[in-house]
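Novice: Pasted the sequence and its predicted model underneath.
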4 protein chains.
Amino acid sequence: MAVRAAVAGASGYAGGELLRLLLAHPEVRIGALTGNSNAGQRLGALQPHLPQLAERVLEPTTAEVLAGHDVVFLALPHGQSAAVAEELGDGVLVVDCGADFRLKDAGDWERFYGSPHAGTWPYGLPELPGARQALSGGKRIAVPGCYPTAVSLALFPAYAAGLAEPEAVIVAASGTSGAGKAAKPHLLGSEVMGSMSPYGVGGGHRHTPEMIQNLSAAAGERVTVSFTPTLAPMPRGILATCGAKARPGVTTESLRAAYEKAFQDEPFVRLLPEGQWPSTAVVYGANTVLVQVALDEAAGRIVAISAIDNLTKGTAGGAVQSMNIALGLPEELGLPVTGVAP
Amino acid sequence: MAVRAAVAGASGYAGGELLRLLLAHPEVRIGALTGNSNAGQRLGALQPHLPQLAERVLEPTTAEVLAGHDVVFLALPHGQSAAVAEELGDGVLVVDCGADFRLKDAGDWERFYGSPHAGTWPYGLPELPGARQALSGGKRIAVPGCYPTAVSLALFPAYAAGLAEPEAVIVAASGTSGAGKAAKPHLLGSEVMGSMSPYGVGGGHRHTPEMIQNLSAAAGERVTVSFTPTLAPMPRGILATCGAKARPGVTTESLRAAYEKAFQDEPFVRLLPEGQWPSTAVVYGANTVLVQVALDEAAGRIVAISAIDNLTKGTAGGAVQSMNIALGLPEELGLPVTGVAP
Amino acid sequence: MAVRAAVAGASGYAGGELLRLLLAHPEVRIGALTGNSNAGQRLGALQPHLPQLAERVLEPTTAEVLAGHDVVFLALPHGQSAAVAEELGDGVLVVDCGADFRLKDAGDWERFYGSPHAGTWPYGLPELPGARQALSGGKRIAVPGCYPTAVSLALFPAYAAGLAEPEAVIVAASGTSGAGKAAKPHLLGSEVMGSMSPYGVGGGHRHTPEMIQNLSAAAGERVTVSFTPTLAPMPRGILATCGAKARPGVTTESLRAAYEKAFQDEPFVRLLPEGQWPSTAVVYGANTVLVQVALDEAAGRIVAISAIDNLTKGTAGGAVQSMNIALGLPEELGLPVTGVAP
Amino acid sequence: MAVRAAVAGASGYAGGELLRLLLAHPEVRIGALTGNSNAGQRLGALQPHLPQLAERVLEPTTAEVLAGHDVVFLALPHGQSAAVAEELGDGVLVVDCGADFRLKDAGDWERFYGSPHAGTWPYGLPELPGARQALSGGKRIAVPGCYPTAVSLALFPAYAAGLAEPEAVIVAASGTSGAGKAAKPHLLGSEVMGSMSPYGVGGGHRHTPEMIQNLSAAAGERVTVSFTPTLAPMPRGILATCGAKARPGVTTESLRAAYEKAFQDEPFVRLLPEGQWPSTAVVYGANTVLVQVALDEAAGRIVAISAIDNLTKGTAGGAVQSMNIALGLPEELGLPVTGVAP
């Protein structure tokens, strides 16, 4: 079997990471590559880290160009995926790395994105309860946001086991590639090196309702989320520090047992031994998630911390993992587990 | 008036920053400089950024060497300050940049530091209610920890105004200089560049009781603190993201009014205009504190964020500011307000 | 005496650094601040590291706005300074941080900048032979380029003493602020962190003729320069590695003697002790230049290395130093010598 | 066929990178892992980026432990490889990542390393003329130094084609991992972030004779090398800027033709299109070498620039590539060509 894959939006960071992973995937052959403003350019000028594809030329993002593939990955700006997917039809596996089909609640979508809700697709975070069944054999995948990936994996075991109060407080640090490749003054190297800065404080970040959706599903009740994202001086990586009040009677042992159970069969999640903590450098370029959890007895709170690479497990790696499930391939196929460290 | 100042522990990061600031202070003349393992070495080899002092040679840290000054700054490992201070006597202003005299509760001290409590000195965070009076004209100053400086300034206005529930949740990112100059593998550039990592998770960091002390004093009741420090890939700076549940009836206006009142006359604290958020790069090398606060209505929480330079306002700048008050000099004398940015 | 200074181009990196230094200058009062696309905006939003000026509003860059000052600093794009200077007239000290008046040879100017030559002003690198006399009491200053500052100071002593063959080979690494604040994709933090990259290779960089001009003047003969600039993952700093063949008979002693003689009375240049080498972090935010020189006997070459802060000594600090000379103020007035390190 | 490989020195940066690559190699099974001071420790604590090996325990570095493998990689301090190799005997492929067997001239060895010369093994830089034949089927490989890899590949085509004068001038910037994992104060993150600094200036770096050896072999005459290494604020990567006077008659076309000929069949070297320049980020974690060359007509010099990952192509990737050749496997097997970028 050879899976023929197209990538729409191949000139951006998500597109580049998809191609890096697909090039290493033993069952995938890379087909059409498209861009909008960059159509007509050599990929070698846009993604110089992919020498095998240097002579490929970007085509415009149209259904004609994307037709005739087994899988089409969409790495497009929000709001553009629905039309493309509809034109491609139901015979093609469409994997949307954008936000369009992640949220179940149309009101949440409209409040945070300001446009009509396009619908909901199977959610590409296989580690969540029930996710693999929803993905298996399907033709549509909504790849999760990078922050919700890190946060949901850090906290869902505590909620699924009934150990945490339904008020989560999350502070996450992200590398700058999460903000994309469009040149904006505050993302200049001169501005970000040596600097930590918050943004979207006070509940405004668009990934908040996605976290609420995932944690509420795990908890079986509505979970509120106070989420503060911060920009860290590094190209890649998310470190998510997640906390909630511990329910009465929770112990370090019961907490750890819940996490061990949640992750014992997960190929990409590594619950660290006690005393060792996640760091983003360790998962650089890998699809691996590092998780650790502790009980702060004096404060009566659970603290769960995860580290991912925002472009790999947080975007393109998660997309390929879900594609493998949808196509019936081994879930780990072609995905790096080792980080490029130091 | 010329204030003759000695610095004990002049070879470390705190010592170097003290000297950088004291060199620019119009009323200070730098006297003895001491070290322990580095005694006998030229300062130019240890602190090459201080060319005016390059030919000075470090002396051993003894009371004889430190005697005869108006002010003695101690930048020593924990547990060494009490003996030196006692030998120096009550006629000298002693400014301790270590932790030894920060905590009021002997039990807290012993639990977190594992040694007998040395006592409590006036606390060198002038912005806290009552702090200036306690410092004025005195002969002893306990310089706050870097994290407690950032956190207390971010949150005390909310507690002093009765707007926040007494359960604070804090995640702070610090530059690596906070960990000192001793060579440890996990602090190598190869390890920290490109990486965010937590440490002291779950209540174990020694700065936790100091935060509790400050916030409880402001609140007039016991405040619990869940504190997670993280190491960020930058040499300097602390970004503290601090939250607590809002008490019923709190509004953005009441919150902002409390902060404006708390900081309206403060020379070093800048409450940012709405919509603008602190970043550590902006206060690089400055004694300035940037603060912003928001109400997350959906989560029912206050989010207050501060940025400082951990070596300047967080250590040496705070020390000089408090020295100015103790000596009756203008509080701002010799202290930089502008950051070195970008 | 109070010198009233205006800054045209106050929203960029050079303008911000000028203001940081002028705020600390005891004889300067800051007058008009202008911008073009940013006129009408609060400086606090554009230069948040200058809290004292946060409420100042940028005015348009016109001769009316800039009139009535003792000094006008121009931090404008190339080609705009001549017209402004002419309108301001000869009674005002005009300090041009741009390239327009640096080169003596009109042909060089036209070849590298592609526009008519505007003229030549006294060159603001006081450490070069004869430079102070040319600046003293004058009304026009051409501030050198950042690379030529670092390179000329590293190599002119060897040429002035007749120790080096007239073929210089230079590789310099610069922080990203040297490329300015305009948002371009290759200057994004995501692109520059973790990366060293060359540009303008093969003789194309516009600072090349300026280096040739300075080194040829020192040598008394035409010196060729092979110059390769590289972009380093740091916001500030230039490390210039400069070499040339040693003339017959040159020894380490004669080399070192030439450098000691050249710099013995220089307030801002520090020739390091043997065995110690410059680093950019050490001069972060300082007007200091670190220089070291060695003879590679096996290769028969002189290697001279300098480190500066490209925005301080390389631009704004050099400008203020030259202003001090022109106005008859002490040359060192208001200029930081200590770096912000680590 | 399954190649059983042992790694001696598995706790350092070279050892970790070897394991990252060997884990992805389809024909290799990882056998014994040894350390000295770290013997007895779990690899998960030392190399957390290799989750598949987290439970493996380091054994002491002895011939008994290393016996019984098809390949033994030595990542040991200088001077320790000869004894181990002798004990292992001639039936085992021994790949030495240290310097011990790189130099042909015993005098050079003794002058730069201060110990008796151990001998010379086939040199593991397959792209050099004749190197593949020397490696093929052999049982010993001396892996080149990281700087000589970058420099030799940038310059040998010019020398092999007789286009360059035999006096090379090289300035290279390296990421900090090149300095190893031993904790030294000048390698702390606090010191290296934001800083460029030179070391080993004036001909003292131990990689200098290795460069001379390679370039002289290509030129057919003795080439002198002036080499200045600099430490850059990044974990990985080498950017080598290499120059030499052009011989009379050299043109851009003849230069480019020489490089195209040298690299046309090389799987890991990419000669960039005109106008595009190497950067280290592009080859992060890849075995790829990027090369570009230009003629500076005004200075009469050739400028050749290469970028590699010092740990991949510069150490472990080069080692595996040479192992593939020695074992008769496809040269590219298991080696990443795509960089992890941005």
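Specialist: Yes, it's here. Residues are numbered from 1 along each chain as shown, chains lettered A, B, ... in the order given.

Novice: only C-alpha atoms for contact and neighbour calcs from this point on.
Specialist: OK.

Novice: Enumerate the residues of the stretch 1-150 of chain A near chain D.
Specialist: Proximity of the stretch 1-150 of chain A to chain D, by C-alpha under 8 Å from any C-alpha of the partner chain, involves residues A:Y13, A:E17, A:R20, A:A45, A:P48, A:H49, A:L50, A:P51, A:Q52.

Novice: most surrounded residue in those?
Specialist: For the residues of the stretch 1-150 of chain A next to chain D, neighbours were counted using other C-alpha atoms under 10 Å in any protein chain shown, and A:H49 has the most, 29 neighbours in all.

Novice: And for the residue of the stretch 151-300 of chain A found nearest chain C, the neighbour number?
Specialist: Each residue of the stretch 151-300 of chain A has a distance to chain C, by C-alpha to the nearest C-alpha, and the smallest belongs to A:G189, at 3.5 Å. For A:G189, the tally of surrounding residues (other C-alpha under 10 Å) stands at 31.

Novice: wait, what's in contact with it?
Specialist: A:G189 is in contact with C:T176, C:L187, C:L188, C:G189, C:S190, C:E191, C:V192, C:M193, C:P233, C:M234, C:P235, counting by C-alpha atoms under 8 Å, 6 or more residues apart in numbering or on different chains.

Novice: Leaving aside the residues adjacent along the chain, what's closest to it?
Specialist: With sequence-adjacent residues excluded and distances taken as C-alpha to C-alpha, 6 or more residues apart in numbering or on different chains, A:G189 is closest to C:G189, at 3.5 Å.

Novice: Tell me which residues touch A:S81, please.
Specialist: With contact set as C-alpha under 8 Å, 6+ apart, A:S81 has these partners: A:L74, A:D96, A:G98, A:D100.

Novice: Scan these and report the most crowded one.
Specialist: The most crowded member of these is A:D96, carrying 28 neighbours; neighbours defined as other C-alpha under 10 Å.

Novice: Any chance of JSON lines for the residues of the stretch 1-150 of chain A next to chain D, columns secondary structure, pLDDT and distance to A:P129?
Specialist: Compiled in JSON lines, the residues of the stretch 1-150 of chain A next to chain D are given as follows (DSSP: H, G, I helix; E, B strand; the rest coil; pLDDT from 0 to 100; distance: C-alpha to C-alpha, whole Å):
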{"residue": "A:Y13", "secondary structure": "helix", "pLDDT": "98", "distance to A:P129": "29"}
{"residue": "A:E17", "secondary structure": "helix", "pLDDT": "98", "distance to A:P129": "27"}
{"residue": "A:R20", "secondary structure": "helix", "pLDDT": "98", "distance to A:P129": "29"}
{"residue": "A:A45", "secondary structure": "helix", "pLDDT": "96", "distance to A:P129": "42"}
{"residue": "A:P48", "secondary structure": "coil", "pLDDT": "97", "distance to A:P129": "39"}
{"residue": "A:H49", "secondary structure": "coil", "pLDDT": "98", "distance to A:P129": "36"}
{"residue": "A:L50", "secondary structure": "coil", "pLDDT": "98", "distance to A:P129": "35"}
{"residue": "A:P51", "secondary structure": "helix", "pLDDT": "97", "distance to A:P129": "39"}
{"residue": "A:Q52", "secondary structure": "helix", "pLDDT": "96", "distance to A:P129": "38"}
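
Novice: Which helix or strand lies directly C-terminal to the lengthiest helix in chain A?
Specialist: Once chain A is assigned using DSSP state H, the helix that runs over the most residues is helix A:146-160. Using DSSP states H and E, the helix or strand that directly follows helix A:146-160 along the chain is strand A:167-174.

Novice: tell me which residues in the helix or strand following that following strand are buried?
Specialist: Elements were assigned by DSSP H and E; along the chain past strand A:167-174, the next helix or strand is helix A:189-192. Neighbour counts over helix A:189-192 (16 or more other C-alpha atoms under 10 Å in any protein chain shown) mark A:G189, A:S190, A:E191, A:V192 as buried.

Novice: separation between the first one and A:A54?
Specialist: What that stands for is A:G189. Applying C-alpha to C-alpha, to the nearest Å, one obtains 26 Å for the distance of A:G189 from A:A54.

Novice: and the longest helix of chain A, C-alpha only, in PDB?
Specialist: Coordinates of each C-alpha in helix A:146-160 appear next as PDB, following Å, rounded to 0.1, in the frame of the first residue of the first chain:
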ATOM      1  CA  CYS A 146      -1.300  22.700  20.200                       C
ATOM      2  CA  TYR A 147      -2.200  24.100  23.700                       C
ATOM      3  CA  PRO A 148      -5.300  21.900  24.100                       C
ATOM      4  CA  THR A 149      -3.100  18.900  23.200                       C
ATOM      5  CA  ALA A 150      -0.600  19.600  25.900                       C
ATOM      6  CA  VAL A 151      -3.200  20.700  28.500                       C
ATOM      7  CA  SER A 152      -5.700  17.900  27.900                       C
ATOM      8  CA  LEU A 153      -3.100  15.200  28.200                       C
ATOM      9  CA  ALA A 154      -1.800  16.700  31.400                       C
ATOM     10  CA  LEU A 155      -5.200  16.900  33.100                       C
ATOM     11  CA  PHE A 156      -7.700  14.500  31.700                       C
ATOM     12  CA  PRO A 157      -6.500  11.600  33.800                       C
ATOM     13  CA  ALA A 158      -7.200  13.600  37.000                       C
ATOM     14  CA  TYR A 159     -10.700  14.500  35.800                       C
ATOM     15  CA  ALA A 160     -11.500  11.100  34.400                       C
END
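
Novice: Could you work out the end-to-end span of stretch A:227-243 for me?
Specialist: End-to-end distance (C-alpha to C-alpha), stretch A:227-243: 11 Å.
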